[in-house]
Every structure is written in C-alpha cells, then in structure tokens.
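# okay, structure incoming, though there's no sequence with it:
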Ligand SMILES: C[S@@+](CC[C@H](N)C(=O)[O-])C[C@H]1O[C@@H](n2cnc3c(N)ncnc32)[C@H](O)[C@@H]1O
C-alpha cells in the first residue's frame, strides 16, 4: 500500500483506533517516550504519529522551549491529536498531514521516534535511514515494534477470515512481512546497527490484557487489518467478522498481546 492508501485506511479507522487508545496506543506511546527520553528544549519528530500517543508525552517532556512535529498521513487521527494537544495547551506540538518519508524541516532533530510505523514504509530500511538522516550528529532514533508471537498472532486469523472474500490476501504470510524482521531484541539491535546507528540499546516491554471475542472486531477495524475489508459489501464483512471471531475462539486467544520492543540508536558524530 502506498502512503495515501495507508492514510485512507487509518483515517477511516479513527473511531475504532481512538477507541483502543486508552487500552493500547496511549500506554505504549507513554512507554516509547519514557524510553526515548525527550529532554526539555529538544526538537522531536514523531514519525507516523497517529493520534499522538507518543507525540503528546514527548511534547510534555520537552516543554514549551522544545518543539514536537507529529507527522502522519491519516487526517482522521491527526484531528484527534490536535484537539487533545489544544486541550492540554501544548502549543509547541504541531500535527502535520504529510508522508513522513518526504518530510524535512529547516533544523535537524534531537530525537526522531516512530512507534509501529516503520513496517508500513515501502522499503523499511530506506525509509528508516531517511528518518535517521533528519537527526543532528549524536541524535537518537527510537523505533517501537511488536514483539514476536504477540500482536502478530492475530493477523493470520484476520487474513484467514478475509481470504474467501479477498483471494489476493493469499500473498500475505506471517513472518514474511517487514514486521518479522524486527520482532526480537536481537533483530532490532542488528537492524538499527545496519542502518549506521551507534550505541544501540533495545528494551523489551511486556504488555498484555484480556481480550473478549466480542471486542476483537473493533480491534480488527481499528488498524491495518481494516484494509482487508475496505470496499467489501456489508454481507461479506459480516462473514469476515464471523470467521474472525470463530478463529479467535479456535486459537483460544483470550489476550491482546501488545508486547513491544523499543530500540534506540544514535546518529554518528
Ligand atoms: C499502527 S499506527 C501507529 C500510530 C502511532 N504511532 C501510535 O503508536 O499510536 C501506524 C501509523 O503510521 C502511519 N503511516 C504509515 N506510513 C506513513 C507515512 N509514509 N507517512 C506518514 N504516516 C504514515 C499511518 O497513517 C498510521 O497512523
């Protein structure tokens, strides 16, 4: 999917996505920012910021002498972020609708953070190198990804549920996507190192909670899996939902596992 199509899916998902903010995106965004440690006065780029889960904590941390640019292609999510930032008086946090891979500012950043975004880039390495290139010498690149056997367990069930309506999804296989390249601490470490970053560290964060099958459909519709059913007629969507819920019961998935990895690397210099 290109950036415009991704933005369309996440924009359309804004209600379901923000419905999961309290249980998922916000706590994990707080943790990303806690590990990335934006400091007072710093300039921060939050790439693929969504509704601001990690951009808002970063803006609180840098304070009014700092700057945070939250860049995303999903206008529906950015609007939520803008409203929340305004309510919190975070005037130094700017949400921008743009393809972050084409983004540049006049001055380099002290910190570029990207939570659950790099695997959407057409080329994860090239896109991430580009983001890291926006750092000042010694600046930090912080990337948050899903830990193996957590969130990724849901995706094959979603694919199997949608496959009878969308045969083209047969191409989609767990572990073959770019997310499978950054799903262990060792892989994140060597991947960040391969981008030319120095002094790489990786934190593993365990984050699970109960998932009731009845709530799982709104999760399906809240993020990338939504793309599997975009444009299908309502009766086909109902069939996907029924198969998805049945698949979760069969696999006995009673938890939402958002366990994550937060890797930090420093730009040379
Ligand atoms: C799973 S969401 C995560 C959002 C946010 N970082 C969070 O943790 O809540 C992934 C986000 O990446 C955005 N995205 C993907 N590719 C992008 C690109 N090239 N430029 C800007 N945003 C992009 C999507 O629109 C979506 O909002």
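Nice, I can see it. Remember, predicted model here, so these are calculated numbers, not experimental data.

# use CA for all of it now, contacts and neighbours both
Will do.

# what about the helices in this structure?
3-12, 14-19, 26-36, 55-62, 75-88, 124-132, 154-162, 185-194, 213-220, 234-251 (DSSP state H).

# by contact count, what packs against the fourth one?
What that stands for is helix 55-62. Judged by 3 or more C-alpha pairs under 8 Å, 6 or more residues apart in numbering; DSSP states H and E, helix 55-62 is in contact with helix 26-36, strand 43-47, strand 67-72, strand 93-97.

# tell me if that helix is near the ligand.
No. Judged by C-alpha under 6 Å from any ligand atom, helix 55-62 and the ligand are separated, with a smallest distance of 8.2 Å.

# distance from the chain centre to that helix, please.
Mean-position distance between helix 55-62 and its chain equals 17 Å (C-alpha atoms, centre = their mean, to the nearest Å).

# from now on call the first residue 52
Got it, first residue is 52 now, which makes that one helix 106-113.

# show residues contacting it.
Applying C-alpha atoms under 8 Å, 6 or more residues apart in numbering, the external contacts of helix 106-113 come out as 80-81, 84, 88-95, 97, 100, 117-121, 136, 141, 143-144.

# just these that are near the ligand?
80, 100.

# so which of the helices and strands packed on helix 106-113 is nearest residue 304?
helix 77-87 (20.7 Å; C-alpha to C-alpha).

# tell me which residue lies nearest the centroid of the protein.
residue 167 (2.4 Å; C-alpha atoms, centre = their mean).

# hmm, back to that, go through the helices of the chain and pick out the most buried.
helix 106-113 (a mean of 25; mean count of other C-alpha atoms under 10 Å).

# any idea of the mean pLDDT in that one?
Helix 106-113 carries an average pLDDT of 98.

# kindly report the same for stretch 305-312.
Mean predicted confidence for stretch 305-312 is 96.

# any part of that stretch near the ligand?
No. Using C-alpha under 6 Å from any ligand atom, stretch 305-312 stays clear of the ligand, with a minimum separation of 11.1 Å.

# and what of stretch 60-67?
Yes. With C-alpha under 6 Å from any ligand atom as the criterion, the ligand is reached by stretch 60-67 at residue 61.

# residue ranges with poor pLDDT in this structure?
Scanning the chain with the threshold set as pLDDT under 70 gives 223-227.
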